[in-house]
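Q: model this:
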Amino acid sequence: MIPFTMHGSHILSTGSAVPEICINNDLLSTVLDTSDKWISTRTGIKERKIIAENQSIIDLANIAANKALHKGLLQPTDLDLILFSTSTPHDLFGSASKLQYSLGATNAAAFDITSACSGFVIALIVAHQFIQTGIYNNILIIGADTLSQWVDWSDRTTCILFGDGAGAAILQKKQQNDILAFEINTDGSESQQLSINYKYPTKTNSKPNINKQFIAKSSQQYEYLTMNGKEVYKFAVSKVPYSITNCLHTTSLKAKDITWLLLHQANQRILETVANKLQIPMDKVLSNIEFYGNTSAASIPIALDEAFSTGHICNQDVIAIAGFGAGLTWASILIQWSTIEQ
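A: Numbering: from 1, shown residues only. Predicted structure coming up:
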């Protein structure tokens, strides 16, 4: 057997897209028992973008993907693989194939990854494996979610948190390697802390009728998103610093060597607590939660795209990225980004 030749993974380009509809805290306070002060002081969120009725997650993903392709000077036919990370697919069978078709990426295989707020990081790690082994050259990674369609808009503990969006990155095979270390973790015993459960048919004592059972099941839906905020907070601030530290230990780097800390944009308090535990100053923490809220799998790639677009990320910068959320899952990756091809 011929052994695999290990190749490097380079982040070639990024892109992002958010809906035009903006729901700010003042508007929410007209329909909920809340206020801008109550929301912003507890979460750091001032507004969130909500998808229109005539839009789909595919529309947002398509815009983000085309921006990444344009920046990377690639055509859709140059793509070998599309990884679509979402927990709110346009089709329950998956969204990756629909995006592949809408882009015209006729040479690309495509599949979905469902890992909620950890999804983009996990998709990035999966893509890295395909690149390392030389199977693919250009991989499009999408993180997108539309959780505004899954929250109870009368529940102020959850609806204030979430917005919609999509982010994209293209990982390309190069001699250089941007990926320094990574890890993925799961604790399924705590999955009830953040979930969207299936609504099962109500049990009755009547004699079973096979036709009625099929009809009943076909009309079932999912429940609204539920979250135990205190437990999710405790989970995030305990697991994420440890995970990033583990990644640092596999390299010669220390926390002080991190140029930018990019965490899933769930809550500003979580960002501050994790940074404090790692002894990373807040001026090294990338945050845009104020403008978008929690966009789940989209939050990290949107922030990453903005950081690249504004020139915050420069040659040889070290970026520590961590996603965390439903599952419960959490994943971290260390990247040293290079602009110079070797």
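
Q: alpha carbons only for contacts and neighbour counts from here, please
A: OK.

Q: Where does pLDDT dip in the stretch 1-150 of the chain?
A: When residues are selected by pLDDT under 70, those of the stretch 1-150 of the chain lie in 1-5.

Q: Could you rerun that using 90?
A: Counting by pLDDT under 90, the stretch 1-150 of the chain contains low-confidence ranges at 1-7, 31, 33, 90-94, 116.

Q: in it, which spans are helices?
A: 25-28, 36-43, 57-71, 96-103, 119-132 (DSSP state H, counting those that start in this stretch).

Q: Just say which of these is most tucked in.
A: Highest mean neighbour count among these (mean count of other CA atoms under 10 Å): helix 119-132, with a mean of 24.

Q: Mind giving me the packing neighbours of that one?
A: The contact analysis (3 or more CA pairs under 8 Å, 6 or more residues apart in numbering; DSSP states H and E) places helix 119-132 against strand 8-17, strand 81-85, strand 138-146, strand 164-174, strand 179-186, strand 318-325, strand 329-336.

Q: List of residues touching that helix?
A: Residues outside helix 119-132 that contact it (CA atoms under 8 Å, 6 or more residues apart in numbering) are 5-9, 83-86, 113, 115, 136-137, 139, 141-143, 171-173, 179, 182, 184, 297-298, 300-301, 321-323, 331-333.

Q: Just want the angle from that helix to strand 179-186.
A: Relative orientation of helix 119-132 and strand 179-186, computed by axes from the mean of the first three to the mean of the last three CA atoms, to 10 degrees: 130 degrees.

Q: The residue nearest to the spatial centre of the chain: what's it in contact with?
A: Compute the mean C-alpha point of the chain, and by CA atoms, centre = their mean the closest residue is Ala297, 1.8 Å away. Ala297 makes contact with 85-87, 115-120, 143-145, 166 under the criterion CA under 8 Å, 6+ apart.

Q: pLDDT score assigned to it?
A: pLDDT, the model's per-residue confidence, is 96 for Ala297.

Q: same check, this time on Asp164
A: Confidence score, pLDDT, at Asp164: 97.

Q: Quick check, it in contact with Trp150.
A: No - with contact defined as CA atoms under 8 Å, Asp164 does not reach Trp150; the gap is 10.9 Å.

Q: The two: which has the busier surroundings?
A: Set side by side, Asp164 and Trp150 show more neighbours around Asp164, with 28 against 16, by other CA atoms under 10 Å.

Q: and that one, what are its bridge partners?
A: Thr146 (DSSP bridges).

Q: Report the contact partners of it.
A: Asp164 is in contact with 18-19, 48-51, 144-148, 292, 294-295, 298, counting by CA under 8 Å, 6+ apart.

Q: mind checking which of the helices of the stretch 1-150 of the chain is nearest Thr251?
A: Thr251 lies closest, by CA to CA, to one member of the helices of the stretch 1-150 of the chain: helix 119-132, at 16.7 Å.

Q: what's in contact with the longest helix along the chain?
A: Of all segments of type helix in the chain, defined using DSSP state H, the longest is helix 229-249. For helix 229-249, the surrounding residues in contact (CA under 8 Å, 6+ apart) are 181-183, 193-194, 254-255, 270, 273-275, 277-278, 320, 322, 324-325, 330-334.
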